[in-house]
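Visitor: I need the structure of the sequence given here:
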Amino acid sequence: MQVKWNSKYLVTTLVAVVIVLYAVSIWWSVEPDVLTPKTMNTADGKPLTGYATTTAMIDSMETLLDKPGGWLANDVMPPSVLMDNMPSFEYGALEQIRDMALVMRKEFSRSQSQSTADKDLLDAHSKFNIDHTSWLVPSAESQYRDAIKLLKLYRARMADPNNKDAQFYARADNLNEWLKEVQKRLGSLSQRLSASVGQERLNTDLVGDSANRQSTPSESSKQIKTSWWQIDNVFYEARGSTWALLNFMKAVEIDFADVLQKKNAEVSLRQIIRELEGTQQTVWSPMILNGSGFGLMANHSLVMANYISRANAAVIDLTNLLSQG
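Guide: Down below sits the predicted model:
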(Lines give C-alpha, C1' and ligand atoms only; values in the text may rest on other atoms or scores of the structure.)
Protein backbone atom coordinates (compact mmCIF):
# COMPACT_ATOMS: atom_id res chain seq x y z
CA MET A 1 0.00 0.00 0.00
CA GLN A 2 2.86 2.33 0.82
CA VAL A 3 4.38 1.84 -2.65
CA LYS A 4 1.05 2.46 -4.36
CA TRP A 5 0.45 5.60 -2.33
CA ASN A 6 3.89 6.93 -3.20
CA SER A 7 3.29 6.23 -6.89
CA LYS A 8 0.00 8.11 -6.82
CA TYR A 9 1.61 10.98 -4.95
CA LEU A 10 4.44 11.13 -7.49
CA VAL A 11 2.06 11.11 -10.46
CA THR A 12 -0.13 13.80 -8.89
CA THR A 13 2.91 15.96 -8.20
CA LEU A 14 4.18 15.59 -11.76
CA VAL A 15 0.78 16.47 -13.20
CA ALA A 16 0.58 19.54 -10.95
CA VAL A 17 4.06 20.66 -11.99
CA VAL A 18 3.19 20.24 -15.69
CA ILE A 19 -0.01 22.28 -15.25
CA VAL A 20 1.86 25.06 -13.43
CA LEU A 21 4.62 25.17 -16.05
CA TYR A 22 2.03 25.25 -18.84
CA ALA A 23 0.19 28.13 -17.17
CA VAL A 24 3.47 30.01 -16.73
CA SER A 25 4.38 29.45 -20.40
CA ILE A 26 1.02 30.91 -21.46
CA TRP A 27 1.59 33.96 -19.25
CA TRP A 28 5.10 34.44 -20.58
CA SER A 29 3.84 34.15 -24.17
CA VAL A 30 1.69 37.29 -23.92
CA GLU A 31 3.08 39.76 -26.47
CA PRO A 32 3.87 43.34 -25.38
CA ASP A 33 1.66 46.21 -26.50
CA VAL A 34 2.80 48.67 -29.14
CA LEU A 35 4.65 51.54 -27.48
CA THR A 36 3.57 55.16 -27.46
CA PRO A 37 6.32 57.49 -28.74
CA LYS A 38 7.86 59.87 -26.22
CA THR A 39 9.10 63.38 -26.89
CA MET A 40 11.11 66.06 -25.12
CA ASN A 41 10.63 69.72 -25.92
CA THR A 42 13.52 72.15 -26.35
CA ALA A 43 13.65 75.68 -24.96
CA ASP A 44 11.66 76.99 -27.94
CA GLY A 45 8.88 74.45 -27.34
CA LYS A 46 9.67 72.20 -30.30
CA PRO A 47 10.31 68.43 -29.97
CA LEU A 48 14.01 67.62 -29.58
CA THR A 49 15.13 66.04 -32.86
CA GLY A 50 16.14 62.41 -32.38
CA TYR A 51 14.71 62.00 -28.89
CA ALA A 52 11.67 59.99 -29.99
CA THR A 53 13.67 57.57 -32.16
CA THR A 54 16.39 57.01 -29.57
CA THR A 55 13.80 56.51 -26.84
CA ALA A 56 11.86 54.07 -29.03
CA MET A 57 15.00 51.93 -29.28
CA ILE A 58 15.55 52.08 -25.51
CA ASP A 59 11.93 51.36 -24.61
CA SER A 60 11.60 48.52 -27.14
CA MET A 61 14.66 46.72 -25.77
CA GLU A 62 13.69 47.35 -22.14
CA THR A 63 10.19 46.02 -22.84
CA LEU A 64 11.65 42.79 -24.23
CA LEU A 65 13.94 42.39 -21.22
CA ASP A 66 11.39 43.33 -18.54
CA LYS A 67 8.25 41.63 -19.85
CA PRO A 68 6.89 38.59 -17.92
CA GLY A 69 9.60 35.93 -17.97
CA GLY A 70 12.25 38.40 -19.12
CA TRP A 71 14.47 37.48 -22.09
CA LEU A 72 13.51 33.89 -22.94
CA ALA A 73 15.63 33.13 -26.01
CA ASN A 74 18.65 32.07 -23.96
CA ASP A 75 16.88 30.23 -21.13
CA VAL A 76 17.99 26.65 -20.49
CA MET A 77 15.36 25.71 -17.89
CA PRO A 78 11.68 24.82 -18.27
CA PRO A 79 9.24 26.08 -19.21
CA SER A 80 11.02 28.64 -21.40
CA VAL A 81 13.44 26.10 -22.88
CA LEU A 82 10.39 24.36 -24.36
CA MET A 83 8.86 27.58 -25.70
CA ASP A 84 9.56 28.87 -29.20
CA ASN A 85 6.93 31.48 -30.04
CA MET A 86 8.11 34.24 -27.69
CA PRO A 87 11.84 33.60 -28.34
CA SER A 88 11.06 33.95 -32.05
CA PHE A 89 9.18 37.19 -31.32
CA GLU A 90 12.20 38.46 -29.38
CA TYR A 91 14.59 37.61 -32.20
CA GLY A 92 12.45 39.37 -34.81
CA ALA A 93 12.29 42.53 -32.70
CA LEU A 94 16.01 42.33 -31.96
CA GLU A 95 16.84 42.24 -35.68
CA GLN A 96 14.97 45.52 -36.19
CA ILE A 97 16.74 47.05 -33.18
CA ARG A 98 20.09 45.97 -34.62
CA ASP A 99 19.22 47.54 -37.97
CA MET A 100 18.23 50.80 -36.29
CA ALA A 101 21.39 50.77 -34.14
CA LEU A 102 23.48 50.36 -37.29
CA VAL A 103 21.78 53.25 -39.07
CA MET A 104 21.95 55.41 -35.94
CA ARG A 105 25.72 54.83 -35.85
CA LYS A 106 26.36 55.26 -39.58
CA GLU A 107 23.76 57.81 -40.66
CA PHE A 108 21.57 59.59 -38.12
CA SER A 109 24.42 60.69 -35.83
CA ARG A 110 26.84 61.74 -38.58
CA SER A 111 26.69 64.94 -40.62
CA GLN A 112 28.65 63.56 -43.57
CA SER A 113 30.67 60.55 -44.71
CA GLN A 114 33.94 61.96 -43.37
CA SER A 115 32.65 62.59 -39.83
CA THR A 116 33.46 60.15 -37.03
CA ALA A 117 30.94 57.80 -35.47
CA ASP A 118 29.59 58.49 -31.99
CA LYS A 119 31.45 56.24 -29.54
CA ASP A 120 28.40 55.42 -27.42
CA LEU A 121 26.41 54.38 -30.50
CA LEU A 122 29.37 52.41 -31.82
CA ASP A 123 29.66 50.43 -28.59
CA ALA A 124 25.88 50.01 -28.29
CA HIS A 125 25.65 48.56 -31.79
CA SER A 126 28.43 46.11 -30.96
CA LYS A 127 26.68 44.92 -27.79
CA PHE A 128 23.34 44.46 -29.57
CA ASN A 129 25.06 42.02 -31.93
CA ILE A 130 25.86 39.40 -29.30
CA ASP A 131 24.20 36.02 -29.93
CA HIS A 132 20.65 36.30 -28.59
CA THR A 133 20.87 32.75 -27.18
CA SER A 134 24.04 33.39 -25.16
CA TRP A 135 23.46 32.55 -21.48
CA LEU A 136 27.00 32.21 -20.11
CA VAL A 137 29.36 35.11 -19.43
CA PRO A 138 28.59 37.49 -21.02
CA SER A 139 24.88 36.79 -21.16
CA ALA A 140 22.69 38.34 -23.83
CA GLU A 141 20.69 40.26 -21.22
CA SER A 142 23.75 41.86 -19.66
CA GLN A 143 25.05 43.04 -23.05
CA TYR A 144 21.66 44.41 -24.09
CA ARG A 145 21.32 46.30 -20.82
CA ASP A 146 24.79 47.76 -21.31
CA ALA A 147 23.69 48.86 -24.80
CA ILE A 148 20.64 50.54 -23.28
CA LYS A 149 22.87 52.46 -20.85
CA LEU A 150 25.00 53.65 -23.76
CA LEU A 151 21.92 54.80 -25.68
CA LYS A 152 20.78 56.73 -22.62
CA LEU A 153 24.19 58.39 -22.38
CA TYR A 154 23.96 59.38 -26.05
CA ARG A 155 20.42 60.69 -25.53
CA ALA A 156 21.52 62.74 -22.51
CA ARG A 157 24.43 64.27 -24.42
CA MET A 158 22.16 64.95 -27.40
CA ALA A 159 19.65 66.74 -25.16
CA ASP A 160 22.35 68.92 -23.57
CA PRO A 161 22.45 72.26 -25.45
CA ASN A 162 26.01 72.78 -24.21
CA ASN A 163 27.23 69.52 -25.73
CA LYS A 164 27.80 69.80 -29.47
CA ASP A 165 29.35 66.35 -29.98
CA ALA A 166 26.19 64.22 -29.87
CA GLN A 167 23.84 65.03 -32.73
CA PHE A 168 20.88 63.50 -34.55
CA TYR A 169 20.51 64.66 -38.15
CA ALA A 170 16.97 64.38 -39.50
CA ARG A 171 17.53 64.52 -43.26
CA ALA A 172 15.79 62.86 -46.18
CA ASP A 173 18.92 60.99 -47.28
CA ASN A 174 19.51 59.63 -43.77
CA LEU A 175 15.92 58.46 -43.48
CA ASN A 176 16.19 56.78 -46.86
CA GLU A 177 19.19 54.75 -45.70
CA TRP A 178 17.14 53.29 -42.86
CA LEU A 179 14.16 52.66 -45.12
CA LYS A 180 16.40 50.63 -47.44
CA GLU A 181 17.28 48.38 -44.52
CA VAL A 182 13.58 48.10 -43.71
CA GLN A 183 12.81 47.08 -47.28
CA LYS A 184 15.32 44.22 -47.14
CA ARG A 185 14.01 42.99 -43.80
CA LEU A 186 10.35 43.12 -44.83
CA GLY A 187 11.06 41.55 -48.21
CA SER A 188 12.84 38.62 -46.58
CA LEU A 189 10.06 38.09 -44.05
CA SER A 190 7.40 38.22 -46.75
CA GLN A 191 9.19 35.56 -48.81
CA ARG A 192 9.70 33.26 -45.82
CA LEU A 193 6.06 33.60 -44.76
CA SER A 194 4.85 32.90 -48.31
CA ALA A 195 6.94 29.71 -48.39
CA SER A 196 4.69 28.19 -45.73
CA VAL A 197 2.63 26.45 -48.44
CA GLY A 198 5.57 25.76 -50.74
CA GLN A 199 6.10 27.25 -54.18
CA GLU A 200 8.40 26.96 -57.15
CA ARG A 201 10.44 30.12 -57.60
CA LEU A 202 12.26 31.17 -60.74
CA ASN A 203 15.82 32.42 -60.35
CA THR A 204 15.81 36.21 -60.84
CA ASP A 205 19.24 36.87 -59.33
CA LEU A 206 20.77 38.29 -62.53
CA VAL A 207 17.81 39.99 -64.18
CA GLY A 208 18.19 43.52 -65.52
CA ASP A 209 21.52 43.32 -67.32
CA SER A 210 22.95 40.65 -69.64
CA ALA A 211 26.44 41.40 -68.30
CA ASN A 212 25.53 40.41 -64.73
CA ARG A 213 27.53 37.48 -63.37
CA GLN A 214 27.69 35.38 -60.20
CA SER A 215 30.49 33.27 -58.72
CA THR A 216 28.89 29.83 -59.22
CA PRO A 217 25.97 28.68 -61.40
CA SER A 218 22.57 28.11 -59.79
CA GLU A 219 19.34 26.38 -60.79
CA SER A 220 16.86 28.20 -63.01
CA SER A 221 14.10 27.37 -60.52
CA LYS A 222 13.75 25.60 -57.19
CA GLN A 223 11.06 24.45 -54.80
CA ILE A 224 10.86 26.55 -51.63
CA LYS A 225 8.90 25.36 -48.60
CA THR A 226 9.17 26.21 -44.93
CA SER A 227 9.43 23.19 -42.65
CA TRP A 228 6.20 22.39 -40.82
CA TRP A 229 8.13 22.69 -37.54
CA GLN A 230 9.30 26.22 -38.40
CA ILE A 231 6.04 27.79 -39.61
CA ASP A 232 5.02 29.19 -36.22
CA ASN A 233 8.60 30.34 -35.54
CA VAL A 234 8.70 32.36 -38.77
CA PHE A 235 5.24 33.77 -38.03
CA TYR A 236 6.18 35.01 -34.55
CA GLU A 237 9.53 36.30 -35.75
CA ALA A 238 7.55 38.43 -38.22
CA ARG A 239 5.25 39.55 -35.37
CA GLY A 240 8.22 40.67 -33.30
CA SER A 241 9.92 42.36 -36.23
CA THR A 242 6.83 44.36 -37.19
CA TRP A 243 6.16 45.21 -33.51
CA ALA A 244 9.57 46.88 -33.18
CA LEU A 245 9.30 48.47 -36.62
CA LEU A 246 5.91 49.95 -35.71
CA ASN A 247 7.45 51.52 -32.60
CA PHE A 248 10.20 53.04 -34.74
CA MET A 249 7.87 54.31 -37.47
CA LYS A 250 5.78 56.19 -34.92
CA ALA A 251 8.93 57.77 -33.52
CA VAL A 252 10.27 58.64 -36.98
CA GLU A 253 6.98 60.37 -37.74
CA ILE A 254 7.85 62.84 -34.95
CA ASP A 255 11.59 63.28 -35.51
CA PHE A 256 11.33 63.63 -39.29
CA ALA A 257 8.09 65.64 -39.31
CA ASP A 258 9.60 68.61 -41.16
CA VAL A 259 11.26 66.39 -43.79
CA LEU A 260 8.04 64.45 -44.38
CA GLN A 261 6.01 67.64 -44.61
CA LYS A 262 8.41 69.18 -47.12
CA LYS A 263 8.21 66.06 -49.31
CA ASN A 264 4.44 65.82 -48.76
CA ALA A 265 5.03 62.27 -47.52
CA GLU A 266 3.19 62.25 -44.19
CA VAL A 267 0.34 60.16 -45.62
CA SER A 268 2.78 57.61 -47.02
CA LEU A 269 4.30 57.07 -43.57
CA ARG A 270 0.87 56.82 -41.98
CA GLN A 271 -0.04 54.15 -44.51
CA ILE A 272 3.01 52.14 -43.46
CA ILE A 273 1.95 52.49 -39.83
CA ARG A 274 -1.58 51.36 -40.67
CA GLU A 275 -0.33 48.21 -42.43
CA LEU A 276 2.03 47.41 -39.57
CA GLU A 277 -0.81 47.82 -37.07
CA GLY A 278 -2.61 45.08 -38.98
CA THR A 279 0.22 42.66 -38.20
CA GLN A 280 -0.36 43.14 -34.46
CA GLN A 281 -3.99 42.06 -34.41
CA THR A 282 -4.91 39.38 -31.87
CA VAL A 283 -4.33 35.79 -33.00
CA TRP A 284 -7.47 33.98 -31.83
CA SER A 285 -6.38 30.52 -32.96
CA PRO A 286 -4.56 28.40 -30.31
CA MET A 287 -2.05 27.42 -33.00
CA ILE A 288 -0.72 28.88 -36.25
CA LEU A 289 -2.69 27.23 -39.06
CA ASN A 290 -1.20 26.42 -42.44
CA GLY A 291 -4.13 25.98 -44.77
CA SER A 292 -3.42 25.98 -48.50
CA GLY A 293 -4.80 28.17 -51.26
CA PHE A 294 -8.53 28.79 -50.99
CA GLY A 295 -9.16 25.72 -48.82
CA LEU A 296 -11.19 25.40 -45.63
CA MET A 297 -8.30 26.07 -43.26
CA ALA A 298 -6.84 29.54 -42.70
CA ASN A 299 -3.19 30.26 -43.41
CA HIS A 300 -1.94 32.75 -40.85
CA SER A 301 1.45 33.01 -42.52
CA LEU A 302 -0.07 34.20 -45.80
CA VAL A 303 -2.24 36.74 -43.98
CA MET A 304 0.85 38.10 -42.23
CA ALA A 305 2.76 38.10 -45.53
CA ASN A 306 -0.03 40.17 -47.08
CA TYR A 307 0.24 42.92 -44.44
CA ILE A 308 4.04 42.91 -44.63
CA SER A 309 4.08 43.04 -48.43
CA ARG A 310 1.71 46.01 -48.42
CA ALA A 311 3.82 47.74 -45.78
CA ASN A 312 6.92 47.07 -47.87
CA ALA A 313 5.24 48.52 -50.97
CA ALA A 314 4.40 51.64 -48.96
CA VAL A 315 8.03 51.85 -47.76
CA ILE A 316 9.20 51.73 -51.38
CA ASP A 317 6.77 54.53 -52.28
CA LEU A 318 8.05 56.61 -49.37
CA THR A 319 11.65 56.00 -50.42
CA ASN A 320 10.84 57.24 -53.92
CA LEU A 321 9.18 60.36 -52.55
CA LEU A 322 12.16 61.18 -50.34
CA SER A 323 14.54 60.67 -53.25
CA GLN A 324 12.84 63.29 -55.38
CA GLY A 325 14.32 66.79 -55.36
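
Visitor: Wait, residue 25 touches residue 82, no?
Guide: Yes - Residue 25 is in contact with residue 82 according to Cβ atoms under 8 Å; the separation is 7.2 Å. Glycine gets a C-beta too; all of them are placed from N, C-alpha and C.

Visitor: Could you check which of the two has the larger neighbour count?
Guide: It is residue 25, of residue 25 and residue 82, that has more neighbours when counted by other Cβ atoms under 10 Å, with 18 against 11.

Visitor: tell me the SS of that one?
Guide: Here residue 25 takes the helix state, with states given by DSSP: H, G, I helix; E, B strand; the rest coil.

Visitor: Identify the residues contacting the spatially closest residue to it that is not a sequence neighbour.
Guide: Using Cβ to Cβ, 6 or more residues apart in numbering and skipping residues adjacent in sequence, the residue nearest residue 25 is residue 79, 4.2 Å away. Taking Cβ atoms under 8 Å, 6 or more residues apart in numbering as the criterion, residue 79 is in contact with 21-22, 24-25, 28.

Visitor: Closest one to residue 299 out of these, please.
Guide: Of all the contacts of residue 79, residue 25 has the smallest distance to residue 299: 24.9 Å, by Cβ to Cβ.

Visitor: what's around residue 317, how many residues?
Guide: Neighbouring residues of residue 317 were enumerated by other Cβ under 10 Å; the total is 15.

Visitor: what does residue 47 give?
Guide: Other residues within reach of residue 47 by the criterion other Cβ under 10 Å amount to 16.

Visitor: Tell me what it is bridged to.
Guide: Beta-bridge pairing of residue 47, defined through DSSP bridges, involves residue 41.

Visitor: oh, and call the first residue 47 from now on, that's how I've got it
Guide: OK, 47 is where the count begins now, so the last one is residue 93.

Visitor: where in the stretch 147-296 of the chain is pLDDT low?
Guide: Across the stretch 147-296 of the chain, residues meeting the criterion (pLDDT under 70) sit at 159-160, 244-258, 263-269.

Visitor: rerun at 80
Guide: Applying pLDDT under 80 to the stretch 147-296 of the chain flags residues 158-161, 243-275.

Visitor: What segments of it are strands?
Guide: With DSSP state E, counting those that start in this stretch as the definition, the stretch 147-296 of the chain shows strands at residue ranges 245-248, 267-270.

Visitor: from what I can see residue 75 touches residue 129, true?
Guide: Yes - Residue 75 is in contact with residue 129 according to Cβ under 8 Å; the separation is 6.7 Å.

Visitor: so what's residue 337 closest to, chain neighbours aside?
Guide: Beyond its immediate neighbours in the sequence, the residue positioned closest to residue 337 (Cβ to Cβ, 6+ apart) is residue 343, lying 2.9 Å away.

Visitor: contacting residues for that neighbour?
Guide: Listed by Cβ under 8 Å, 6+ apart, the contact set of residue 343 reads 335-337.

Visitor: Now distance to residue 281, neighbour count and pLDDT too, for these, in CSV please.
Guide: Converted to CSV, the contacts of residue 343 look like this (distance: Cβ to Cβ, whole Å; neighbours: other Cβ atoms under 10 Å; pLDDT from 0 to 100):
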residue, distance to residue 281, neighbour count, pLDDT
335, 10, 17, 89
336, 9, 18, 86
337, 13, 15, 81
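
Visitor: Just the closest of those to residue 173, please.
Guide: residue 336 (36.7 Å).

Visitor: got a list of what that closest one touches?
Guide: Listed by Cβ under 8 Å, 6+ apart, the contact set of residue 336 reads 242-243, 274, 277, 343, 345-347.

Visitor: let's see 7 Å
Guide: Going by Cβ atoms under 7 Å, 6 or more residues apart in numbering, residue 336 touches 242, 277, 345, 347.

Visitor: picking that back up, mark which of the contacts of residue 125 are buried, thanks.
Guide: Taking 16 or more other Cβ atoms under 10 Å as the criterion, what is buried in these is 70-71, 74.

Visitor: got JSON lines for the residues you listed, with distance to residue 136 and pLDDT too?
Guide: As requested, the buried ones among the contacts of residue 125 are arranged in JSON lines below (distance: Cβ to Cβ, whole Å; pLDDT from 0 to 100):
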{"residue": "70", "distance to residue 136": "17", "pLDDT": "94"}
{"residue": "71", "distance to residue 136": "15", "pLDDT": "92"}
{"residue": "74", "distance to residue 136": "11", "pLDDT": "94"}
